[in-house]
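Undergrad: quick one, structure for this:
(one chain, ligands or ions: 1)
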Amino acid sequence: MDIDIVSVFPEYFDVLNLSLFGKAMERGLVTVRAHNLRDWTHDVHQSVDDTPVGGGAGMVMKPEVWAECLDELLDVPADAPADADATPSSDSPILIFPNPSAPLFTQQDATALSHAGHLVFGCGRYEGYDARIPQYYRERGIDVREYSIGDYVLNGGEVAVSVMLEAITRLLPGFMGNAESIVEESYTGANALLEHSQYTKPATWRGMAVPPVLISGDHGKVDRFRRDEALEKTSRIRPDLIERLDCAALDKADRKT
Ligand code: 6GU
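TA: Model prediction:
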């Protein structure tokens, strides 16, 4: 998978050299290039933003600089005509903008994007970016996505891109040591529930015993105990996930929980 990231703080992504992501890059599973948006400016101040048209606080990222950069990374000719009905081809790059006013990024999005060959992330700063930028590339056949990572405010898109990047790349075949640890986690599978609690040894620690069923050796009982706990925990902490459950995926014992 090829990844381009555009930011006014490209050094932010130096941390990707660490840990599992660094190993995946060494093994050639992913290639990441972090670009400085200011490299596409022509003025001495290398300005990337301007005041909002219509008034208001803060600064908005200018379309001209972004377009020079994105034309190059997405291989879109500067004189490409608009086509409002353009449909993206499956092997073309996907352009992703973090945006607090966009739909929430979910595990389903991460899974879908993990099958892409080339992702280009554009990190906005300040009050955001000119709304014509995503529209321009959509009208030129690029698959453009905008995502928020949660209902809170960040100063810029860099942290959001790091979050999405980790969620996407850890799903690449061979990225994780143990593929099964991916399958069993929360938010995946036909019925997304929060994961049951985990315990390790010792069986009693500072007077606290692990639930006895877990050392009973009865796998059926262990599975049932974990499933009941996951259902109870999910209805308490994330009732919205219970609302969305596929009833067909529930068994008879689930319904009693
Ligand atoms: Cl994607 N960007 C910013 N700036 N803040 C956010 C966000 C994104 N998602 C949640 N808050």
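Undergrad: I'd like the average pLDDT over the helix or strand harbouring Val32.
TA: In this structure, Val32 sits in strand 31-36 according to DSSP states H and E. Averaged across strand 31-36, pLDDT comes to 97.
Undergrad: for it, name the packing helices and strands.
TA: In this structure, strand 31-36 makes packing contacts with strand 2-7, judged by 3 or more Cβ pairs under 8 Å, 6 or more residues apart in numbering; DSSP states H and E. (C-beta placed from N, C-alpha, C; glycine too.)
Undergrad: now the strand it packs on against strand 31-36, angle please.
TA: 20 degrees (axes from the mean of the first three to the mean of the last three Cα atoms, to 10 degrees).
Undergrad: quick one: strands adjacent to strand 2-7?
TA: strand 31-36 (parallel), strand 118-122 (parallel) (DSSP bridges).
Undergrad: quick one: residues contacting the residue of the stretch 51-200 of the chain found nearest the ligand.
TA: Closest contact between the stretch 51-200 of the chain and the ligand, by Cβ to the nearest ligand atom, is at Pro98 (3.0 Å). By Cβ atoms under 8 Å, 6 or more residues apart in numbering, Pro98 lies in contact with 121, 123-124, 146-149, 157, 160-161, 164.
Undergrad: check those one by one and keep those near the ligand.
TA: Restricting the contacts of Pro98 to those near the ligand by Cβ under 6 Å from any ligand atom leaves 148-149, 157, 160.
Undergrad: just among those, which is most surrounded?
TA: Gly157 (27 neighbours; other Cβ atoms under 10 Å).
Undergrad: could you pull out the helices for the protein?
TA: Secondary structure of the chain (DSSP state H): helices at 19-26, 63-74, 107-113, 132-138, 157-169, 180-183, 219-237, 239-243, 252-256.
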